[in-house]
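In: here are the coordinates; sequence isn't available:
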């Protein structure tokens, strides 16, 4: 009887934790970009079109984490295509910027993506993806960035060059391909 009550209480506690969870996960998927925004038991996955077309590969990298977090519905959005109609509030996606509650993420593939950066509110995460070719010196002047991520979609030699340049200018970064998925709990 005590065991049944204990299990029931544990289940209620776990369910409550899942209902209030808010996370941003940048997955480590070679040659692809995938970011999942979790709000309770729902999520929005923003990924490149090639990954979204390959459901087997997508499930291989994301399915177990979703099960562990109790996610029962996921909406897929294509990276680079703005879409404002998603399954939950407090999610804004336009061009290369996403705001999820108070968390702001800027996708950067080239210097053109950074043109209006100094006019923006502080950015939590700057994500370098695709064939990122940026002027790293510009990043040094940007105090509005909390941290910088090098995505797994960037080829290893470009990532290595970026790392060297970021180290040269003493800019902190995380290379997803080396460190694994990055999780931000909000």
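Out: Right, received. Where do you want to start? Remember, predicted model here, so these are calculated numbers, not experimental data. Residues are numbered from 1 along each chain as shown.
In: so which strand or helix has residue 93?
Out: Element membership of residue 93 [criterion: DSSP states H and E] is strand 91-94.
In: pLDDT of that strand, averaged?
Out: Rounded to a whole number, the mean pLDDT of strand 91-94 is 84.
In: And it, what's buried?
Out: By neighbour count on 16 or more other CB atoms under 10 Å, the buried set for strand 91-94 is 91, 93. The way it works is simple: take the backbone N, C-alpha and C, and place the C-beta from them, glycine included.
In: Please name every helix or strand in contact with that strand.
Out: strand 97-100 (3 or more CB pairs under 8 Å, 6 or more residues apart in numbering; DSSP states H and E).
In: ok, and what's touching whatever helix or strand comes next after the strand it packs on?
Out: Using DSSP H and E, the helix or strand that directly follows strand 97-100 along the chain is strand 103-110. Contacts to strand 103-110, defined as CB atoms under 8 Å, 6 or more residues apart in numbering, come from residues 24, 33, 35, 79-80, 96-99, 113-114, 117, 120-134, 184, 186.
In: just stretch 156-168 next, same as before
Out: Here stretch 156-168 has contacts from 128, 131-133, 136, 139, 148, 150, 154, 172-173, 175, 177, using CB under 8 Å, 6+ apart.
In: Now, those residues that are in strands?
Out: 128, 131, 132, 133, 148, 150, 175 (DSSP state E).
In: Skipping adjacent residues, who's closest to residue 57 in space?
Out: residue 51 (6.5 Å; CB to CB, 6 or more residues apart in numbering).
In: Widest-spaced pair of the contacts of stretch 156-168?
Out: 131 and 172 (22.5 Å; CB to CB).
In: This structure: helices as residue ranges?
Out: Under the criterion DSSP state H, the chain contains helices at 2-20, 49-53, 55-68, 136-140, 156-168, 176-179.
In: Need the contact partners of the shortest one.
Out: Outside helix 176-179, the residues within contact range by CB under 8 Å, 6+ apart are 26, 27, 28, 30, 149, 150, 151, 152, 154, 156, 159, 182.
In: okay, now residue 36: neighbour count?
Out: Burial measure for residue 36: 23 neighbouring residues, criterion other CB atoms under 10 Å.
In: how far away is it from residue 6?
Out: Distance, residue 36 to residue 6, by CB to CB, to the nearest Å: 32 Å.
In: same check, this time on residue 54
Out: Residue 54 is 43 Å from residue 6, by CB to CB.
In: Which one's more surrounded, those two?
Out: residue 54 (13 against 10).
In: quick one: which of the contacts of stretch 156-168 is nearest residue 90?
Out: residue 148 (23.9 Å).
In: Next up, phi/psi of residue 95, please.
Out: The phi/psi pair for residue 95 (degrees, to the nearest 10) reads phi 50, psi -100.
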